[in-house]
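Student: need coordinates for the following:
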Amino acid sequence: MIRFLARRLGLLVLVVWGVVTATFVLVHATPGDPARTTLGDKASESAVQALRAEWGLDQPLTVQYWHFLTDLISGNLGTSFQYRSPIVSLLADRLPTTLLLMLMAVTFAVVISLPLATWVAVRGRGGADIGVRIFGAVAQGTPAFLTGTLLVIVFGLKLHWFPVGGYGRTTAEHLHSLVLPSLTIALGIVPMLVNSLRASLTDALQSDFVAFGHSKGLKPATVLAAYAIRNGSISGVTILGIQAGVLAGGALVVEKVFAIPGMGSLMLAGILGRDFPVVQATTLVFAGIVVVVYLVTDLSYALLDPRARLA
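Tutor: Residues are numbered from 1 along each chain as shown. Modelled structure (predicted):
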C-alpha cells in the first residue's frame with residue numbers, strides 16, 4: 001500500500017508541475033502587457049517600464065520562471081498586479097466558497113444519480129430506461145452557462161425560490177445562494193454517473209450474492225440496499241474522481257454566471273486583467289484540487305479492490 005501511494009503521489013506531483021509550467025508559459029506568451037493594462041493606454045512609456053521592472057517582467061523568461069519556482073517552493077505565491085494584495089490572502093477569501101460549491105455539486109449529483117440509476121436498474125429496459133437516457137443526453141449536451149441561465153429563469157425569476165446571483169452575508173444565505181450554481185455543475189456530472197451506476201447495479205442484481213440474499217428470506221428492499229447498491233455503487237466512486245476536472249471547470253463558468261466570489265471568478269478576472277500571479281496561483285490551486293480528488297479516488301478504489309494496487 002505504501003508503494004502504491006508513493007507511485008501515485010510521485011505521478012501527481014509531476015502532473016501539477018506540468019500544469020503550472022504550461023500555465024506560466026501560456027500567460028507570458030499571450031499578447032498584452034500587464035503593466036500597460038494596469039496603468040492604461042495614456043500612461044507614459046517610462047511609467048510602464050518602471051512598473052514592469054518593479055514586477056520583474058523586464059527580466060528574461062527563464063529568470064522569471066526560476067524565481068516563480070523558488071517562490072512557489074517557499075510558499076510565496078506573490079502579489080496580485082490588480083488587487084495589490086498578497087495572493088495568499090485572496091485565496092484564503094475565495095477558496096472556501098469554491099470548495100463549498102464543489103461539495104454541494106457532488107452532493108446533488110449523488111442524490112440525483114443514485115435513485116435514478118437504482119430505479120432504472122430495478123425496472124429494466126423500458127420506458128424508464130429510455131426516459132433517463134434522453135434526460136442524460138440533454139443534460140450532458142447542454143453547456144453549463146445555458147443550464148445555469150435556464151435554472152435562473154425558472155427558479156430565480158419565475159418562482160423566486162432562489163437568488164439569481166450574489167453570495168449573501170450569512171451562512172444560510174451562502175448555502176441558499178449556492179443551490180442553483182451547484183445544481184448547474186451537478187447536472188453536468190449526473191449523466192455519466194447514472195450510466196455507470198445503472199450498469200453496475202444491473203450486474204449486481206443478477207449476481208450470486210443478491211440471489212443468496214433473497215434465498216435467506218430478506219426483504220427485497222434490504223437485499224437492494226445491503227447487497228446490490230453497496231456493491232454496485234463502487235463504480236460511482238471512480239466516476240466522481242474522473243469528473244473532478246468537470247467540477248473545477250464548472251466552477252469557472254457558474255461563478256461567472258451567478259456572480260459568486262470564488263476561485264473561478266478570481267481566475268477569470270486575472271486572465272482578463274493580465275494578472276500573471278493570480279492566474280498562476282488559481283491554476284495551481286485548481287490543479288491541486290483535482291490531484292487530491294484523484295488521489296483519494298485511487299486510495300478508495302485500492303481499499304475496495306486490492307487488485308487495483310498492482311496497477
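Student: and this protein, what are its domains?
Tutor: Domains of the chain are assigned by automatic domain parsing as 2-57, 95-310.
Student: just say which of these is most tucked in.
Tutor: Looking across the domains of the chain with neighbours counted as mean count of other Cβ atoms under 10 Å, the highest average goes to domain 95-310: a mean of 18. C-beta here means a position set from N, CA and C on the backbone, and glycine is covered the same way.
Student: thinking again about what came up before, JSON lines for the domains of the chain, including mean pLDDT and distance to residue 67?
Tutor: Formatted as JSON lines, those follow (pLDDT from 0 to 100; distance: least, Cβ to Cβ, whole Å):
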{"stretch": "domain 2-57", "mean pLDDT": "84", "distance to residue 67": "7"}
{"stretch": "domain 95-310", "mean pLDDT": "80", "distance to residue 67": "11"}
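Student: quick one: contacts for residue 101?
Tutor: Residue 101 sits next to 178, 181-182, 185, 251, 254-255, 260, 262 when contact means Cβ atoms under 8 Å, 6 or more residues apart in numbering.
Student: which element is it on?
Tutor: helix 87-123 (DSSP states H and E).
Student: tell me the gap between that helix and the middle of its chain.
Tutor: Relative to its chain's centre, helix 87-123 lies at 9 Å (Cα atoms, centre = their mean, to the nearest Å).
Student: re the thing from before, okay, the domains of the chain in a markdown table with distance to residue 78 next?
Tutor: Below are the domains of the chain laid out as a markdown table (distance: least, Cβ to Cβ, whole Å):
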| stretch | distance to residue 78 |
| --- | --- |
| domain 2-57 | 9 |
| domain 95-310 | 4 |
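Student: those: which one's closest to residue 68?
Tutor: domain 2-57 (6.1 Å; Cβ to Cβ).
Student: gap between the closest one and the chain center?
Tutor: Using Cα atoms, centre = their mean, the offset of domain 2-57 from its chain centre is 22 Å.
Student: what's the end-to-end length of it?
Tutor: 43 Å (Cα to Cα, to the nearest Å).
Student: what of stretch 119-135?
Tutor: The first and final residues of stretch 119-135 sit 14 Å from each other (Cα to Cα).
Student: one more: stretch 169-183?
Tutor: Start-to-end, stretch 169-183 (Cα to Cα) is 21 Å.
Student: what's next to it, contact-wise?
Tutor: The contact list for stretch 169-183 (Cβ under 8 Å, 6+ apart) reads 97, 100-102, 104-105, 107-108, 148, 151-152, 155-156, 162-163, 165-168, 254-255, 257-258, 260.
Student: swap the cut-off to 7 Å and go again
Tutor: 100-101, 104-105, 108, 148, 151-152, 155-156, 162-163, 166-168, 254, 258, 260 (Cβ atoms under 7 Å, 6 or more residues apart in numbering).
Student: stretch 186-194 too?
Tutor: Outside stretch 186-194, the residues that touch it by Cβ under 7 Å, 6+ apart are 105, 108-109, 112-113, 116-117, 132, 136, 139-140, 144, 147, 236, 239-240, 243, 246, 250.
Student: residue 89 and residue 43, how far apart?
Tutor: 27 Å (Cβ to Cβ, to the nearest Å).
Student: same check, this time on residue 237
Tutor: Separation of residue 237 from residue 43 (Cβ to Cβ): 54 Å.
Student: what of residue 111?
Tutor: Distance, residue 111 to residue 43, by Cβ to Cβ: 53 Å.
Student: do the same with residue 149
Tutor: Distance, residue 149 to residue 43, using Cβ to Cβ: 38 Å.
Student: residue 32 now?
Tutor: According to Cβ to Cβ, residue 32 stands 14 Å off from residue 43.
Student: now do residue 25
Tutor: Counting by Cβ to Cβ, the gap from residue 25 to residue 43 is 27 Å.
Student: just to revisit the earlier point, which of the contacts of stretch 169-183 fall within helices?
Tutor: In this view, these that belong to helices under DSSP state H are 100-101, 104-105, 108, 148, 151, 254.
Student: tell me the contacts of the closest residue to residue 184 other than its chain neighbours?
Tutor: With Cβ to Cβ, 6 or more residues apart in numbering as the criterion, residue 184 has its nearest non-adjacent residue at 4.2 Å, and that residue is residue 148. By Cβ under 7 Å, 6+ apart, the contact list for residue 148 reads 180-181, 184, 254, 257-258.
Student: if we use 10 Å, what do you get?
Tutor: Counting by Cβ atoms under 10 Å, 6 or more residues apart in numbering, residue 148 touches 142, 180-181, 183-185, 187, 250, 253-254, 256-258.
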